[in-house]
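Visitor: below are the sequence and a predicted model for it; my questions follow.
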Amino acid sequence: MCGRVDVAQDAVLAVRNDFAGDDDYRSDRHFACGSRLLRLFQRGLHKNFILHQVYATVFSMRRVLYSLACSLDGYIARLDHSVDWLFEDQDYGLKEFYATVDTALIGRKTHDFMVKHGQHTMPGLANYVFSRNESPAQYKDVHWVREEPLSLVSRLKAAQGKDIWLVGGSNLAQAFFESRLIDEVALTIMPILLGDGIPLFPRLLSEMPLKLTMHKAYASGVVQLTYACS
């Protein structure tokens with residue numbers, strides 16, 4: 001129990017330090033999340049997830065959405081990164097989804113693939129590319145990120161804006177899943193079996209329960225599933 005109390009104190013202090021000058025916040029909004037925090041501590045959840053939920057409770061926060069297309073057997077691309085198997089007879093809600101986000105979080109390898117195909121940003125969005133490279137190539141409208149995902153996501157969620165799109169790839173998604181930073185997983189499943197390729201999900205260190213919030217089937221055989229992350 002002492003360990004969970006320490007987690008509680010760390011999470012509370014993190015928020016308090018960020019907003020130390022706001023007396024109204026400390027007296028009202030901050031302590032209003034206490035009961036929800038207690039439930040999280042009692043469940044023994046990951047410290048980063050608890051801290052993430054502190055911010056999510058205090059603010060009506062922007063969500064991090066892991067939204068992508070995949071094959072029925074769980075691949076997002078062939079081994080050569082080709083995606084010519086994706087259905088293009090309609091946009092399958094892409095335009096509607098794009099209107100709900102204003103920020104894209106992109107892994108370095110995924111960004112390299114985008115650049116190779118003539119696209120260095122997700123148009124109209126604030127683009128953040130995670131890279132450990134000390135001197136990445138510079139592109140207009142790209143913010144290079146070397147910090148841990150939790151730090152950036154906490155700042156983005158504390159700011160006003162639309163939802164945040166985790167574009168990928170799998171290494172970046174793994175870091176987000178392990179830190180419990182993803183709020184929603186949305187899959188557009190193509191009616192095809194690739195047999196091999198780049199997997200939809202990385203190897204995760206622990207289970208993550210999901211709750212189905214939306215499902216839609218198209219005449220083409222494409223199915224869309226949306227899950228809230230617990």
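Guide: Happy to help now that I have it.
Visitor: how is the protein carved up into domains?
Guide: For the chain, the domain assignment from automatic domain parsing gives the residue ranges 2-58, 64-229.
Visitor: could you tell me the least trusted of these?
Guide: With a mean of 51, domain 2-58 has the lowest mean pLDDT of the domains of the chain.
Visitor: and the contacts of stretch 208-219?
Guide: The set of residues that contact stretch 208-219 without belonging to it, under Cβ atoms under 8 Å, 6 or more residues apart in numbering, is 90, 92-93, 177, 180, 184-186, 223-230. Placement of C-beta: from N, CA and C, glycine included.
Visitor: which of these fall within strands?
Guide: Counting by DSSP state E, the members of the contacts of stretch 208-219 that fall within strands are 184, 185, 186, 223, 224, 225, 226, 227, 228, 229.
Visitor: distance between stretch 77-87 and the chain's centre?
Guide: 22 Å (Cα atoms, centre = their mean, to the nearest Å).
Visitor: how about stretch 212-230?
Guide: Averaging C-alpha positions (Cα atoms, centre = their mean) puts stretch 212-230 18 Å from its chain's average.
Visitor: now the angle between strand 223-229 and the helix or strand encompassing residue 214, please.
Guide: Following DSSP states H and E, one finds residue 214 within strand 210-217. Between strand 210-217 and strand 223-229, the angle comes out at 160 degrees (axes from the mean of the first three to the mean of the last three Cα atoms, to 10 degrees).
Visitor: how would you label the closest residue to residue 73 other than its chain neighbours: helix, strand or coil?
Guide: On the basis of Cβ to Cβ, 6 or more residues apart in numbering, the spatially nearest residue to residue 73 that is not a chain neighbour turns out to be residue 193, at 4.8 Å. The three-state label for residue 193, taken from DSSP: H, G, I helix; E, B strand; the rest coil, comes out as coil.
Visitor: residue 212 versus residue 200, what's the distance?
Guide: 17 Å (Cβ to Cβ, to the nearest Å).
Visitor: for this structure, what spans make up the strands?
Guide: In chain order, the chain shows strands spanning 64-71, 75-77, 101-107, 126-130, 142-145, 163-168, 184-190, 198-199, 210-217, 223-229, with DSSP E as the criterion.
Visitor: ok, which of the ones you listed comes nearest residue 113?
Guide: Checking these against residue 113 by Cβ to Cβ gives strand 75-77 as the closest, at 8.7 Å.
Visitor: so what strands line up beside that closest one?
Guide: Strands that pair with strand 75-77, judged by DSSP bridges, come out as strand 198-199 (antiparallel).
Visitor: which residues does the strand it pairs with contact?
Guide: Contacting residues not belonging to strand 198-199 are listed as 74, 75, 76, 77, 78, 79, 81, 169, 170 [Cβ under 8 Å, 6+ apart].
Visitor: let me know the closest of the residues you listed to residue 62.
Guide: Closest approach to residue 62 among those (Cβ to Cβ): residue 169, at 21.7 Å.
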